[in-house]
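**Q** sequence first, predicted coordinates after that:
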Amino acid sequence: EFRQNLEMFLRLSLTLLANCGVFAFSPGRQYLPTLSELRNLDFPDFVKVIGPVHFHVSFVAEQVYAKKQGHVFDNATMLHTVMDDVVASATTSQKIQLLNAVDKLMPASLTNTEEEAALLGEKLEAYKSKFGFRFVLDASGFIDILSLIRICERRYKNSEEVELESGLAELSKISWLRLLKAVQPKPTGELTMHVLNSATGHGASGMHIQLLKLKQLSGDFSNSVGLEERFEDLGKFVTLDNGRTKDPLLRGSAITPGVYEIRYQMREYFALQGIEDKQAIPYLGVAAVRFGLSNPETGAHIPILASPYSYTTYRGSAN
């Protein structure tokens, strides 16, 4: 009962911040039209589907509809590029209208206290008073309100021109995620990986790995009770001689935006190579790489360089 009352209080306190600052997340899923179906819609239905992407500010959907005759809209990425172009060419008053239209609040999963929520409210009110428009931030991946406060404080020091562009850049990320809730992206992406044994310079053959996905985009995922319950297990794999898996870890419609994690069984692999960690507790028993995947049409490639006492990863080419 205490937890329910606390969650209710936090939701109410966050609702009070709505007029000053917004932290947007995507709406729930329902039937989504394909890009081909979208192209064939008449104006009212087109606006009905696309309008929510930019929070029902009408000029965006209207201008995108007018441009659809000259664009193929072969995939969601191309469609969103056209949307961004419309926003970029808008007047200053239209851009401010867009920022002030964002109306989705951050979820209660963000760690916060009553004092932190009040402090954030003060920062957001000061921000809107200075610039004349709301503080907009794509809050995906943030842990707590203090992170948002620090970013708000930093951006408060910007000029109005710089901050207007910063807000629109955040809106672009928010609208991309919302677009993926409005239409079906092309199922062209793949999630792949590659493990290189940095000691031998060859692919790490026979390494067992596990793919997981976080069930939510934000919140405190560290040092918390029930941490594993926050993950969805998407499968276990074994690398081949070249250090890759036989098939992509995910492909096509199985890829959705979110935070994924690949866990590599390092101790087992190097033990089978005759390299045993002499510590009672292995320095690297399991190595984990957590990464965000935003575009299911392009996917992602996750390479790592592995040794018994270190591993390195970087953003690989998905092509």
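**A** In hand now; what should we look at? Residues are numbered from 1 along each chain as shown.

**Q** for this structure, which spans come out with low pLDDT?
**A** Across the chain, the ranges flagged by pLDDT under 70 are 1-30, 70, 72, 103-111, 143, 217-228, 319.

**Q** max-length helix in it?
**A** The single longest helix within the chain, with elements called by DSSP state H, is helix 160-179.

**Q** how far off centre is that one?
**A** 14 Å (Cα atoms, centre = their mean, to the nearest Å).

**Q** I'd like the next helix or strand past that helix.
**A** strand 190-197 (DSSP states H and E).

**Q** what's in contact with that following strand?
**A** 202-204, 207, 209, 211, 239, 242-245, 248-252, 255, 260, 262, 264, 273, 293, 299-307, 316, 318 (Cβ atoms under 8 Å, 6 or more residues apart in numbering). Heads up, the C-betas are built off the backbone N, CA and C, glycines and all.

**Q** take these and keep only those in strands.
**A** 202-203, 209, 211, 250-251, 260, 262, 264, 293, 299-307 (DSSP state E).

**Q** mind checking which of these are buried?
**A** Neighbour counting over the ones in strands among the contacts of strand 190-197 (16 or more other Cβ atoms under 10 Å) leaves 203, 209, 211, 250-251, 260, 262, 264, 293, 299-307 as the buried ones.

**Q** gap between residue 205 and residue 259?
**A** 28 Å (Cβ to Cβ, to the nearest Å).

**Q** higher neighbour count, the two?
**A** residue 259 (20 against 17; other Cβ atoms under 10 Å).

**Q** quick check: bridge partners of the nearest residue to the more buried one once chain neighbours are set aside?
**A** Computed as Cβ to Cβ, 6 or more residues apart in numbering, the closest residue to residue 259 that is not its neighbour in sequence is residue 214, at 4.2 Å. Applying DSSP bridges to residue 214 yields these beta-bridge partners: residue 231.

**Q** and for residue 214, the neighbour number?
**A** 18.

**Q** and it, what does it touch?
**A** 221, 230-232, 258-261, 290.

**Q** same deal with residue 50?
**A** Taking Cβ under 8 Å, 6+ apart, one finds 38, 60-61, 64-65, 182 in contact with residue 50.

**Q** residue 91: which of those residues is nearest?
**A** residue 60 (12.6 Å; Cβ to Cβ).

**Q** what sits against the nearest residue to the closest one once chain neighbours are set aside?
**A** Spatial nearest neighbour of residue 60, excluding adjacent residues (Cβ to Cβ, 6+ apart): residue 54 at 4.3 Å. By Cβ under 8 Å, 6+ apart, the residues touching residue 54 are 60-61, 83, 87, 98, 101, 171, 175, 178.

**Q** how about those residues in TSV, adding neighbour count and distance to residue 130?
**A** TSV is the format used below for these (neighbours: other Cβ atoms under 10 Å; distance: Cβ to Cβ, whole Å):
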residue	neighbour count	distance to residue 130
60	25	26
61	22	30
83	22	28
87	20	22
98	22	18
101	16	19
171	25	19
175	26	24
178	21	27
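
**Q** before we move on, back to that, quick one, which of the contacts of residue 214 are buried?
**A** 221, 230-231, 258-261.

**Q** and after the helix or strand encompassing residue 129, which helix or strand comes next?
**A** Using DSSP H and E, residue 129 maps to helix 114-131. Downstream of helix 114-131, the first helix or strand assigned by DSSP H and E is strand 135-138.

**Q** output the contacting helices and strands for that next one.
**A** Under the contact definition 3 or more Cβ pairs under 8 Å, 6 or more residues apart in numbering; DSSP states H and E, strand 135-138 sits against strand 21-24, helix 114-131, helix 145-156, helix 160-179.
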